[in-house]
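Trainee: got a predicted structure plus its sequence, pasted below:
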Protein chains: 2
Amino acid sequence: MNENNTRSRLKLEEAKDKVIGAISETMDLYGVTPAAANLYATMYFKDQMTLDEMREELGMSKPSMSTGVRKLQEIDMVKKTFTRGSRKHTYAAEKNFFRSFMAFYCQMWEREVKMNLEAIEEAQEDFINVIKDSTSTPDIVAEAKKYYDQLQESKTYYYWLDDLVDSIRSGKIFEFLPKESKE
Amino acid sequence: MNENNTRSRLKLEEAKDKVIGAISETMDLYGVTPAAANLYATMYFKDQMTLDEMREELGMSKPSMSTGVRKLQEIDMVKKTFTRGSRKHTYAAEKNFFRSFMAFYCQMWEREVKMNLEAIEEAQEDFINVIKDSTSTPDIVAEAKKYYDQLQESKTYYYWLDDLVDSIRSGKIFEFLPKESKE
DNA sequence: AAGTTTATTAAATTTTTATTTAACAATTTT
DNA sequence: AAAATTGTTAAATAAAAATTTAATAAACTT
């Protein structure tokens, strides 16, 4: 490898690092640790990696890679791959951002809808009981009604969010917003 | 206030707390601190609050409320309100979740699109230079081409995300996904 | 303008979270 | 089956973040 090769190689690595840095930085917002974010961004430019390769590339410990990979698997941004002939596990980054988007947000929103709707349903029942309770004073009844209505109104949002998840999961959203439009 | 009032009042507060707990818990995922999440959820059941009322209600320090409120204002989930006759500042929670959703995700996605597209454009230029560089070895050129194409492919996603933001900001998305559909 | 109330900033502390080292368990090859 | 390699769990350490106390600045009232 001559001196010029080295220069080109350096330029190449530098270019990759720009993208790795940007992905890494924006992934912080996705609730993953800096190590996991960095790991994903690094894997984005590799076909597949073993835990040892990750450790070497990032200069971090193996358990850190292990937990990072697991977290990334949980949000479907990394998949385990099968490589015959090697006893080391191999992993590959999901490189299709549409799929990452889908997996991450659908999972997150479904959790939000489920948790909040459950709490809302329970609370609304409680409010009804307070309203029906003949010993409740008028001002308490009025308050209960107010909150009941406020929650009822909010349910519209959660139903909508649930519809959004469905349309993303089914791919229907791309009929409305095509993948190719601007250039 | 008699004993029965107290019972109804307790039921009422209990019901509110169920919702406050759920909102609070799911908001952790939105990158706000537990204190800020709790604060928002508490404010959700109030018309408006002063910093001192917040401190009293949550049993936390005033600077904690101050920073919490500011963080919530940044993501448009709390607005400052004007209350004549009071020298204390008053704040109100955004109770329309559609608006919160819009403000939060659009802001987040726009930042992601901007940062990553900038890095990608720069990196692609670098890859082109490596490809055009006559001193680059064939395998380095091949690598540069591969990465260039991978990034080009990913731009489709960022353009789409940008379109999604536009359709949310403009309200066009509600033509495709109406606010009222299920019951 | 001085005094009082309120909000914010700064520094310090506490708490939480991430990461590492070390031990263990599981798997595979010989 | 034994030895060796790999991956994961547990405990300990290190780093980061949230929260509080204390101090400062700003705004309003008298």
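Mentor: Sure, I can see it. From a predicted model like this one, the values you see are computed outputs, not experimental measurements. Numbering: from 1, shown residues only, chains lettered A, B, ... in the order given.
Trainee: from here on, contacts and neighbour counts on C-alpha atoms
Mentor: Will do.
Trainee: would you map the strands across chain A?
Mentor: Taking DSSP state E as the criterion, chain A carries its strands at A:49-50, A:78-81, A:90-93.
Trainee: would you mind finding the most buried of the ones you listed?
Mentor: strand A:90-93 (a mean of 22; mean count of other CA atoms under 10 Å in any protein chain shown).
Trainee: pull the CA atoms of that strand into CSV?
Mentor: C-alpha atoms of strand A:90-93 as CSV (Å, rounded to 0.1, in the frame of the first residue of the first chain):
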residue,chain,number,x,y,z
THR,A,90,-22.5,-11.9,14.0
TYR,A,91,-24.9,-8.9,13.8
ALA,A,92,-25.9,-6.6,11.0
ALA,A,93,-27.4,-3.1,11.2
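Trainee: what lines up beside that strand in the sheet?
Mentor: strand A:49-50 (antiparallel), strand A:78-81 (antiparallel) (DSSP bridges).
Trainee: ok, the spatially most central residue of chain A to DNA strand D distance?
Mentor: Nearest residue to the geometric centre of chain A (CA atoms, centre = their mean): A:Phe104, 2.9 Å. Separation of A:Phe104 from DNA strand D (CA to the nearest atom of the strand, to the nearest Å): 21 Å.
Trainee: A:Asp166 now?
Mentor: Separation of A:Asp166 from DNA strand D (CA to the nearest atom of the strand): 31 Å.
Trainee: before we move on, what about A:Gly85?
Mentor: A:Gly85 is 11 Å from DNA strand D, by CA to the nearest atom of the strand.
Trainee: which residues touch that residue?
Mentor: A:Gly85 makes contact with no residue under the criterion CA atoms under 8 Å, 6 or more residues apart in numbering or on different chains.
Trainee: got phi/psi on it?
Mentor: phi 100, psi -20 (degrees, to the nearest 10).
Trainee: tell me how far it lies from A:Met54.
Mentor: Going from A:Gly85 to A:Met54 by CA to CA, to the nearest Å gives 19 Å.
Trainee: cool, and A:Glu153?
Mentor: 49 Å.
Trainee: those two - which one has more neighbours?
Mentor: Shown here are A:Glu153 and A:Met54; by other CA atoms under 10 Å in any protein chain shown, A:Met54 has more neighbours (22 against 14).
Trainee: returning to what we had before: of all the strands paired with strand A:90-93, which one is nearest B:Thr137?
Mentor: Distance to B:Thr137, taken as CA to CA, is lowest for strand A:49-50 among the strands paired with strand A:90-93, at 24.7 Å.
Trainee: does DNA strand D sit close to that closest one?
Mentor: Yes. Residues of strand A:49-50 contacting DNA strand D under CA under 7 Å from any atom of the strand: A:Thr50.
Trainee: dump the strands paired with strand A:90-93 to JSON lines, plus mean pLDDT.
Mentor: Listed next are the strands paired with strand A:90-93 as JSON lines, based on pLDDT from 0 to 100:
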{"stretch": "strand A:49-50", "mean pLDDT": "94"}
{"stretch": "strand A:78-81", "mean pLDDT": "93"}
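Trainee: pretty sure A:Leu164 contacts B:Leu177?
Mentor: Yes. Between A:Leu164 and B:Leu177 there is a contact at 7.2 Å, judged by CA atoms under 8 Å.
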